[in-house]
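**Student:** Task: produce atomic coordinates for the following.
(one chain, ligands or ions: 1)
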Amino acid sequence: MTENSSYETILNRINSIADIRQLDEDNLVKLADEVRQEMIESVSETGGHLGAGLGVVELTVALHYVFNTPYDRLIFDVGHQTYPHKILTGRKNKMKTLRQEKGLSGFTKRTESEFDPFGAAHAATSISAALGMAVAADLNKEDRRSIAVIGDGAMTAGMAYEAMNNAGSMKLPLIVILNDNDMSIAPPVGAMSAYLSKLISSSSYRSLREVASQVAKRLPRPIANTARKAEEYARGIVTGGTLFEELGFYYIGPIDGHNIKHLIPVLKNIRDKREQGPILVHVVTHKGYGYSPAEESIDKFHGVSKFNIKTGTQDKSKKGSLTYTSVFANTLTNLAKKDKKIVAITAAMPSGTGLDLFAEKFPDRFFDVGIAEQHAVTFAAGLAAEGLKPFATIYSTFLQRAYDQIIHDVAIQELPVRFAIDRAGLVGADGPTHAGSFDIAYLANIPKMVLMAAADENDLRRMIITAANINDRPSAFRYPRGQSIGLKIIKKIEPLVIGKGRIIKKGNKIAILSFGARLYESIKAAEILDEKGLNTTVADARFCKPLDTKLIKNLLSNHDIFITIEEGATGGFGSHVMQYLTNNNLLRINSNIQSIVFPDKFIEHAKPEAMYKMANMDAISIVKKVLKFL
Ligand SMILES: Cc1ncc(C[n+]2csc(CCOP(=O)(O)OP(=O)(O)O)c2C)c(N)n1
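**Tutor:** Numbering: from 1, shown residues only. Next up, the predicted model:
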């Protein structure tokens, strides 16, 4: 039996949030240690986000202790740091199901708990949502507090400022806790990070810590007055208004976020300052706190696979083919050696996109713009307008944020921004918030756009070169998460002919036209169908825009059944094919045409293979679809 599961732990005695509020401060400190231990144990078995949660254990305990959750609305930004929150709010026994099929989500989710008043996973939504809730409380005459907990990384996103600017003009009891750990996934970028560091490194912050510890020493249970003194002292470090005060917030901080005894009096005090209007509490924490392998690692164990608790050694993924991400990064980096105009942009995902490799080789041509996808796209447009070749490398799900920028700043001006769209399709444990479901639909309807999808690593390489050569309009290529097929790498890669697909295998009864990475599953399906005497053609469209209309016509007229397949929502490749056929009078009454797309629902997190099954996109489901027809 582990220490934590033995009956005498405080955590085991917590049956409801009310039990936490009965504890004295010493026991709250012990509880925090137990929560941390519990979290390390769970994540060591499930994998997931570790560093961020470790950094907010004390803060989470203090928030639930001081505020009347779930009546008071506690909203965590992104939601990847909520494992301690889940442990404290009735989900402890489900922690080992985290990120698995039918198990707990890795983020906050309204359907999972009344303690998750707002679902998240994309950054910088918390202040807007909390403000909406504060307004609703006001209109409904409810005396509740709205509390947004947001990291310094998420604070690089514009939405946070839009929300603060709005909140600043309202006298509502909105509380923003800025969890400043001086980290995003990678080190944070930009002026905000420098500004926060300046606040923290001021000598006054250091002396505040001393004052606070004196207060704590003398008064084991600091009363409101002493708390106010400490808080007023904290405010005093800022001579002449901070940025936050300019935005209309009452600024308090910086406060040591790992010291529950310091946090509680300050939080109690702001809880009771209803008339104060919006308040920002600047809390300083350390990502990975309390677990040395996390503290010592460069990324502070932001996201981990299963690991050994003693050593911190993570399970290595089985050796196999390169990931699509690394194929992309290697190819672009090699290309950039010859083509000095190539520049690469990421929105706070240098390692996730593989661009850290590019950054190493070409630091001057690499730009991490922070969690700012909208800005990333318009910034790329500016680079393109001056003749550079920007590769805006953004996950499909996050590029959703920048739709107007793609249309207004890039496409209308026919600027050759290259969109490298990683994580296109289903992504597994991160679930529906991170699935790349919509990019085909939202890009293929934009005039002039060239839209490609890679079926394998060699085609991805071809598409990168193709995009590099497109200088008169925007282009995009999408590729999935995870390992590539494992093909032999072709040394000399040629660009593709724009708008031309390829036939992979010839048959005469069934035609499957795949756009993207379901190609190999389509080939498997074709083999099964062949065995049943249904000779199947498999083709790879490569382009959704422009469509290979000649190929489509051929497939339709020479087969009994014609099926398109893509990893995306309705409105994508299949829809464009159908529209082409109807608008050109190519459909016959007896045309047997079907498109396989994602079902019209959000597919919950599970192993990727299971998710593909749910989406009817595995080989067996494709075969079933065909047989149903006959
Ligand atoms: C719009 C958007 N872009 C990118 C991400 C990927 N992402 C997840 S967490 C994270 C870093 C967040 O940093 P911070 O808010 O400081 O939290 P920390 O992990 O440091 O606690 C990023 C970039 C995201 N969730 N949403």
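**Student:** Just give the number of residues close to whichever residue of the stretch 301-450 of the chain sits closest to the ligand.
**Tutor:** Using Cβ to the nearest ligand atom, the point where the stretch 301-450 of the chain gets nearest to the ligand is Ala348, with a distance of 3.8 Å. Using the backbone N, CA and C atoms, a C-beta is placed for each residue, glycine as well. By the criterion of other Cβ atoms under 10 Å, Ala348 has 25 neighbours.
**Student:** wait, is it part of a helix?
**Tutor:** No: read with DSSP: H, G, I helix; E, B strand; the rest coil, Ala348 is coil and lies in no helix.
**Student:** ok, now how distant is the nearest residue to it once chain neighbours are set aside from Asp26?
**Tutor:** Nearest non-adjacent residue to Ala348, counting by Cβ to Cβ, 6 or more residues apart in numbering: Ile371, 4.4 Å away. When distance is defined by Cβ to Cβ, to the nearest Å, Ile371 is 38 Å away from Asp26.
**Student:** Looking at these two now, which is surrounded by more residues?
**Tutor:** Using other Cβ under 10 Å as the criterion, Ile371 and Asp26 rank with Ile371 on top: 29 against 11.
**Student:** you'd agree that one is up against Ala154?
**Tutor:** Yes: taking contacts as Cβ atoms under 8 Å, Ile371 lies within contact range of Ala154: 6.1 Å.
**Student:** who does Asn252 bridge with?
**Tutor:** Careful, residue 252 is Ile and not Asn. Note on Ile252: beta-bridge partners by DSSP bridges are Val281.
**Student:** follow-up on the earlier one: what sits against the residue nearest to Ala348?
**Tutor:** 123-124, 153-154, 156-157, 184, 347-348 (Cβ atoms under 8 Å, 6 or more residues apart in numbering).
**Student:** ditto for Met614
**Tutor:** So Met614 contacts 599, 603, 606 (Cβ under 8 Å, 6+ apart).
**Student:** Distance check, the second one against Asp472.
**Tutor:** Which is Ile603. 37 Å.
**Student:** residue boundaries of the helices in the stretch 51-200 of the chain?
**Tutor:** Taking DSSP state H, counting those that start in this stretch as the criterion, the stretch 51-200 of the chain contains helices spanning 51-55, 57-66, 83-86, 126-139, 158-168, 191-201.
**Student:** Adding mean pLDDT, distance to Glu114 and mean neighbour count as columns, could you present those in TSV?
**Tutor:** Converted to TSV, these look like this (pLDDT from 0 to 100; distance: least, Cβ to Cβ, whole Å; neighbours: other Cβ atoms under 10 Å):
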stretch	mean pLDDT	distance to Glu114	mean neighbour count
helix 51-55	98	20	28
helix 57-66	98	13	25
helix 83-86	98	12	27
helix 126-139	98	14	20
helix 158-168	96	24	19
helix 191-201	78	33	15
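**Student:** Looking at those, which is nearest to Ile270?
**Tutor:** Of all the helices of the stretch 51-200 of the chain, helix 57-66 sits nearest to Ile270, with 8.9 Å by Cβ to Cβ.
**Student:** can you tell me which residues contact Ala454?
**Tutor:** Counting by Cβ under 8 Å, 6+ apart, Ala454 touches 324, 460, 463, 477-479, 516-517.
**Student:** try 10 Å
**Tutor:** Taking Cβ atoms under 10 Å, 6 or more residues apart in numbering as the criterion, Ala454 is in contact with 324, 327-328, 421, 424, 460-464, 477-480, 484, 516-517, 519, 540, 542.
**Student:** Let me see the backbone angles for it.
**Tutor:** In terms of degrees, to the nearest 10, the main-chain angles of Ala454 are phi -90, psi 130.
**Student:** what do Ile371 and Ala154 both touch?
**Tutor:** Residues touching both Ile371 and Ala154 (Cβ under 10 Å, 6+ apart) are 78, 122-124, 160, 184, 188, 348.
**Student:** Which one (most neighbours) among the residues you listed?
**Tutor:** Neighbour tally across the shared contacts of Ile371 and Ala154 (other Cβ under 10 Å): the maximum, 28 neighbours, falls on Ala123.
**Student:** my guess is that residue meets Pro188, correct?
**Tutor:** No: in this structure Ala123 lies outside contact range of Pro188 using Cβ atoms under 10 Å: 12.0 Å.
**Student:** my read: Gly354 touches Ala329, true?
**Tutor:** Yes: between Gly354 and Ala329 there is a contact under Cβ under 10 Å: 3.0 Å.
**Student:** Need the overlap of contacts for these two.
**Tutor:** Residues touching both Gly354 and Ala329 (Cβ under 10 Å, 6+ apart): 322-323, 344, 393, 420, 422.
**Student:** Now for these: which two are most distant?
**Tutor:** It's Leu322 and Ala344 that sit farthest apart of those, by Cβ to Cβ, at 18.3 Å.
**Student:** which of those two has more neighbours?
**Tutor:** Legend: neighbour count by other Cβ under 10 Å for Leu322 and Ala344, higher for Ala344 (28 against 17).
**Student:** Now that one: which helix or strand?
**Tutor:** Element membership for Ala344, per DSSP states H and E: strand 342-346.
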